[in-house]
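[1] Sequence plus predicted model, see below.
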Amino acid sequence: MLHSSLTLHLIIFSAVPVLFNLISLPLVLRKREAASLRSNPSIQPLLWLLVVDILLSLLFVAPIYNFVTEKGHFTSTNCIIYGSLDMILSLMEVFLACIIAFDRYIVTIAPKWGKWRCHGNYLKCIVGVLIVISAWSLVPILGYGRYSTFHDDVICSLDWRQGNIIPEMPETRQTAHRYIAFLTATCLVFFLIPVCVASSFYYSIIDHVERLNSAEVREDPAITQQTACPWAPRNHVAKIGLGGLLVSVVPFFAYSVVCLNPMKSDFHNLSYVVVPAILSRFSTLLNPLFYIWLNPEIVPIDEFITKRLTKARPPRPMYHTINLIADVPGMSFPILTPTVPRRQLPKIPPHLLSPSRRSPVDDPKETTPML
């Protein structure tokens, strides 16, 4: 079999994410502490994210079949369909991560926006974004970029070769400018802006949690507000929030190796097309881990961390020798509480003393125990 190594990696990064996401689906759908699908709107974007991950991983079935049979089956028509689906699912994954960040912002910081947080509004938002992304994925058909096959029609992708300007062919300059304009707009509108918005949400959440957990707040009895981060384990809010956002976005940056720098790419090396697609599937593999398995609302991860990381230490021996001696019945030890006389005061002349008042310094019994 030709390209056996690439074929094996395609199979692994297609089968393993599909199985992992399918295992995670029942965890989200089951009822846990009365937080079912109907009563908890936060579950809806998580479900959509798992579905997108499954579909994105299943897209590898077509190139795997071509590699196994050693024959290309992509045509110009189904290549457009395949490339459009790949772009739609990839961009939807980024926007779903942004919607999840917004939902967590409402839950943690702005509960007064709870009326907006409902299944209907989330569904409208997801459907609207899906329509916009679907329309954007068809822009290459209009001449701004192009979906093309590679290496005898065994794989299909956005034709990054259009970015290569050939001085002997003036028409390639205009084609390259349109291609670069399409990539720049895609990175700006569908990657950079959503990532910045989601990052600002998580930054506000992290700052809010740190202020609530500060020493001044804990020592102030007037402050009774509790930290409300049910979507992350205790003391791991920043890791889960920013980690989930990064695993949803960073793997797709591998496309920039070939899409934004075509002049230094090897046109005859199949790895330049397949490897970025394989690396992008790391997001489908890690998303269930950060959004489902490390979510205390779905999986009791707090209890697991407590059992595994917190080990019961034996109590340290405490030797209260004086207390033990003092507690012996029938025995007293006055030396343990010695007495000392008060500070000596200057004596008052006798003729100035009242007959009914005695000088405290003349009373030898006026003593006090040492504390």
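    Received the coordinates, thanks. Numbers count the residues shown, from 1 in each chain.
[2] what ranges of the stretch 151-300 of the chain fall below the confidence cut-off?
    215-228, 256-267 (pLDDT under 70).
[3] for it, what spans make up the strands?
    Secondary structure of the stretch 151-300 of the chain by DSSP state E, counting those that start in this stretch: the strands cover 155-158.
[4] Which residue ranges of it form helices?
    For the stretch 151-300 of the chain, applying DSSP state H, counting those that start in this stretch gives helices covering 171-187, 193-212, 215-219, 237-249, 256-259, 271-280, 282-288.
[5] just the ones you listed: most buried one?
    Stretch with highest mean neighbour count among the helices of the stretch 151-300 of the chain: helix 282-288 (a mean of 23; mean count of other Cβ atoms under 10 Å). The C-beta positions use only the backbone N, C-alpha and C, and glycine is treated the same way.
[6] The longest helix that the chain contains: how far from the chain's middle?
    Ranked by residue count, the top helix of the chain under DSSP state H comes out as helix 76-108. Distance, stretch centre to chain centre, for helix 76-108: 17 Å (Cα atoms, centre = their mean, to the nearest Å).
[7] Now do it, average pLDDT.
    In this model, helix 76-108 carries a mean pLDDT of 93.
[8] do you know which of the helices of the stretch 151-300 of the chain lies nearest residue 118?
    helix 193-212 (18.5 Å; Cβ to Cβ).
[9] for the stretch 1-150 of the chain, what spans make up the helices?
    4-29, 43-58, 61-69, 76-108, 119-137.
[10] and the second one with helix 119-137, angle?
    Counting by axes from the mean of the first three to the mean of the last three Cα atoms, to 10 degrees, helix 43-58 points 30 degrees away from the direction of helix 119-137.
[11] and of the helices of the stretch 1-150 of the chain, who's closest to residue 287?
    Among those, the nearest to residue 287 by Cβ to Cβ is helix 43-58 (5.6 Å).
[12] Can you list the buried residues in that closest one?
    Buried residues in helix 43-58, counted by 16 or more other Cβ atoms under 10 Å: 43-46, 48-50, 52-58.
[13] Save the residues you listed as CSV, and put in distance to residue 17 and pLDDT too.
    Shown next, in CSV, are the buried residues of helix 43-58 (distance: Cβ to Cβ, whole Å; pLDDT from 0 to 100):
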residue, distance to residue 17, pLDDT
43, 20, 90
44, 21, 91
45, 18, 94
46, 16, 93
48, 16, 95
49, 12, 95
50, 10, 95
52, 11, 96
53, 6, 95
54, 8, 96
55, 11, 95
56, 8, 94
57, 4, 94
58, 9, 95
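[14] on that earlier part again, now the angle between helix 193-212 and the longest helix of the chain, please.
    20 degrees.
[15] quick one, helix 76-108 and helix 171-187 angle?
    Computed by the same axes, to 10 degrees, the angle between helix 76-108 and helix 171-187 is 30 degrees.
[16] which strands and helices sit next to helix 76-108?
    Helices and strands touching helix 76-108, as assessed by 3 or more Cβ pairs under 8 Å, 6 or more residues apart in numbering; DSSP states H and E, comprise helix 43-58, helix 119-137, strand 147-150, strand 155-158, helix 193-212, helix 237-249, helix 282-288.
[17] could these be laid out in a markdown table, adding distance to residue 4?
    As requested, those are arranged in a markdown table below (distance: least, Cβ to Cβ, whole Å):
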| stretch | distance to residue 4 |
| --- | --- |
| helix 43-58 | 20 |
| helix 119-137 | 32 |
| strand 147-150 | 18 |
| strand 155-158 | 15 |
| helix 193-212 | 36 |
| helix 237-249 | 28 |
| helix 282-288 | 22 |
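[18] If anything else comes up later, I'll come back, but that's it for now.
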